[in-house]
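Engineer: Have a look at this prediction, sequence included:
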Amino acid sequence: MARFSFLELARQALSGHQGWPRHWRSRELQPRYDILIIGAGGHGLAAAWHLARDHGARNIAVLEAGWLGGGNVARNTVTIRSNYMRDDSIPFYVRSVALFDRLTRDLNYNTMHSRRGMVDVLQTWGMVRDRRRRRLTMDLHGATYRPMSVPELRRMVPPLTGGGPDARLPILGAEFHPDAAVNRHDAVAWGYARAIDAMGVEIHQNTPVRAILRGADGAVTGVDTPRGVVRADKVALAVSGHTTTLTETAGLRLPLRTINLSAFVSEPLQPCLDVIVNCPDLGVYLSQSDKGELVIGGATDLGQSFRRDVKQHVFEETVAAMLDLFPAFRQVKMLRQWGGHLDIAHDASPIVSATDVPGLFVSAGWWGGYKAIPAGGMCLAHLVATGTPHPLAAPFGLGRFRHLDYVLEAGTTTAR
Ligand SMILES: Cc1cc2nc3c(=O)[nH]c(=O)nc-3n(C[C@H](O)[C@H](O)[C@H](O)COP(=O)(O)OP(=O)(O)OC[C@H]3O[C@@H](n4cnc5c(N)ncnc54)[C@H](O)[C@@H]3O)c2cc1C
């Protein structure tokens with residue numbers, strides 16, 4: 001693998017940039033591997049990277065139904081933050097945000113990481129109390145959150161001119177989370193893929209897994225794909241909204257629902273928003289991409305579904321909420337919109353766990369799981385390699401549903 005550096009750039013420039021090696025290779029699918037990872041999204045690729053780098057595993061294949069990075073890893077709004085609510089969640093997200101901070105260097109791949117901070121705009125007293133409580137808990141775990149006055153908020157976010165004293169919901173205050181960041185999601189997927197390919201991990205695109213195969217003793221023996229059966233004693237699922245369709249083939253039912261979440265992107269504007277703005281009372285958050293587009297997210301669809309189309313009412317509610325606070329954006333044209341499948345557990349926390357099927361591991365329930373990719377991958381790799389949960393993910397095992405030991409997380413951006 002050629003390392004990206006100024007010298008390498010200069011060297012390649014002399015040959016008209018014709019000499020760059022491919023980021024990852026397409027190889028022959030082998031009949032057996034030590035470890036199979038299903039899903040080449042953020043979590044699957046990150047797990048493969050940690051397995052290879054931290055645990056010395058090499059005989060690994062990542063099987064992807066479509067194309068690498070075509071799932072939620074490239075469908076999300078790239079908000080990276082650790083302002084969660086629970087003692088069990090915050091340390092995990094603090095670590096993930098820190099790992100994201102140095103990912104460009106670790107992968108030698110420019111993820112265009114921009115630590116620009118996030119401001120929570122508070123418009124009800126209930127939310128003011130909720131965020132204050134969150135701040136006090138976050139304080140215990142080294143996450144950053146500080147209260148902000150309304151004049152300070154308006155200075156920080158000049159286009160935020162709505163929410164005045166006569167508004168339906170006047171702004172009461174704000175909390176600022178300096179560690180929050182955005183980056184380039186494709187680059188994250190491509191960077192991990194390039195790094196694992198260099199360490200000998202195989203990536204097989206267009207290889208959907210149809211079923212998980214079990215032996216007479218009930219343990220995993222491999223998976224069935226249209227390209228044939230692939231054997232392995234350890235199979236890790238990181239397939240986002242499709243988790244339950246696969247676990248059901250192994251006779252396993254998980255407490256997950258699949259729900260669509262949408263995102264909306266405007267035409268490019270002049271730079272006007274250098275911070276992520278989250279408005280939890282109205283159910284909208286937005287940031288401005290490096291290209292100048294407003295990247296806007298809202299609440300999930302109401303019912304469960306595997307459809308990825310955008311519902312008109314979700315679009316209208318999200319955009320109307322944004323215009324309440326940013327009336328100047330009324331003239332802005334929307335360019336793109338899309339949906340993605342989330343799998344959401346009953347307690348809204350992730351599942352990084354071994355299962356009742358020996359050799360089968362799941363990483364699922366990632367509602368806001370983009371920010372969790374580095375730590376989620378690290379914890380899944382630890383679990384697969386050692387058979388024991390990583391301390392940061394210990395609260396996120398499946399056992400919690402048996403023992404009613406839920407991690408009831410209300411720390412999502414725009415929870416309904
Ligand atoms: C609109 C939207 C906005 C979001 N915004 C944010 C945000 O701002 N911040 C945040 O932290 N999170 C956000 N998320 C959530 C985040 O994107 C996901 O939680 C996270 O990306 C999921 O993990 P992943 O990257 O591994 O999933 P994916 O990229 O979806 O990876 C799963 C992969 O598995 C593959 N697959 C599925 N079935 C099979 C099969 N049978 N065989 C083989 N492969 C299979 C899929 O093709 C896919 O490539 C958002 C999600 C959406 C949809």
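Structural biologist: The structure has been received and is ready for your questions.

Engineer: CA atoms for contacts and neighbours, from now on please.
Structural biologist: Will do.

Engineer: and the closest residue to T79 other than its chain neighbours, what is it in contact with?
Structural biologist: With C-alpha to C-alpha, 6 or more residues apart in numbering as the measure, V182 is the residue that lies nearest to T79, at 5.4 Å, once sequence neighbours are left out. Remark: with contacts taken as C-alpha atoms under 8 Å, 6 or more residues apart in numbering, V182 is in contact with V78, T79, I80, H113, S114, R115, R116.

Engineer: M138 too?
Structural biologist: If a contact means C-alpha under 8 Å, 6+ apart, then M138 has N83, Y84, M85, D87, I90, T144, Y145 as its contacts.

Engineer: before we move on, what about Y109?
Structural biologist: With contact taken as C-alpha under 8 Å, 6+ apart, Y109 is in contact with F4, L103, A187, G191.

Engineer: ditto for D309
Structural biologist: By C-alpha under 8 Å, 6+ apart, D309 lies in contact with W338, G339.

Engineer: try L63
Structural biologist: Contacts here follow C-alpha under 8 Å, 6+ apart; on that basis L63 touches L36, I37, I38, G39, A40, I203, H204, Q205, N206, T207, P208, V209.

Engineer: Of those, keep whichever come out buried.
Structural biologist: In terms of neighbour count (16 or more other C-alpha atoms under 10 Å), the buried residues within the contacts of L63 are L36, I37, I38, G39, A40, I203, H204, Q205, T207, P208, V209.

Engineer: before we move on, which element is G222 in?
Structural biologist: With secondary structure defined by DSSP states H and E, G222 is part of strand 220-225.

Engineer: what's in contact with that strand?
Structural biologist: The set of residues external to strand 220-225 that reach it, using C-alpha under 8 Å, 6+ apart, is 207-215, 229-235, 357-360.

Engineer: Report the entries of those residues that also contact the ligand.
Structural biologist: With respect to the ligand, and counting by C-alpha under 6 Å from any ligand atom, the subset of the contacts of strand 220-225 in contact is P208, V209, R210.

Engineer: tally of neighbours for the last one?
Structural biologist: It stands for R210. Here the count is done by other C-alpha atoms under 10 Å, and R210 has 15 residues near it.

Engineer: Quick check, pLDDT for it.
Structural biologist: At R210, the pLDDT value in this model is 98.

Engineer: residues touching it, list them.
Structural biologist: By C-alpha under 8 Å, 6+ apart, the contact set of R210 is V223, D224, T225, P226, L246.

Engineer: do L342 as well
Structural biologist: In this structure, L342 makes contact with S240, G241, T258, I259, N260, L261, G365, W366, W367, judged by C-alpha under 8 Å, 6+ apart.

Engineer: check the residues you listed against the ligand, which are close?
Structural biologist: Those of the contacts of L342 which are also neighbours of the ligand are S240, L261, W366, W367, as judged by C-alpha under 6 Å from any ligand atom.

Engineer: which residues touch the closest residue to A345 other than its chain neighbours?
Structural biologist: Excluding its sequence neighbours, the residue lying closest to A345 (C-alpha to C-alpha, 6+ apart) is L256, at 4.5 Å. Neighbour list for L256: T244, D343, I344, A345, H346, G365 [criterion: C-alpha under 8 Å, 6+ apart].
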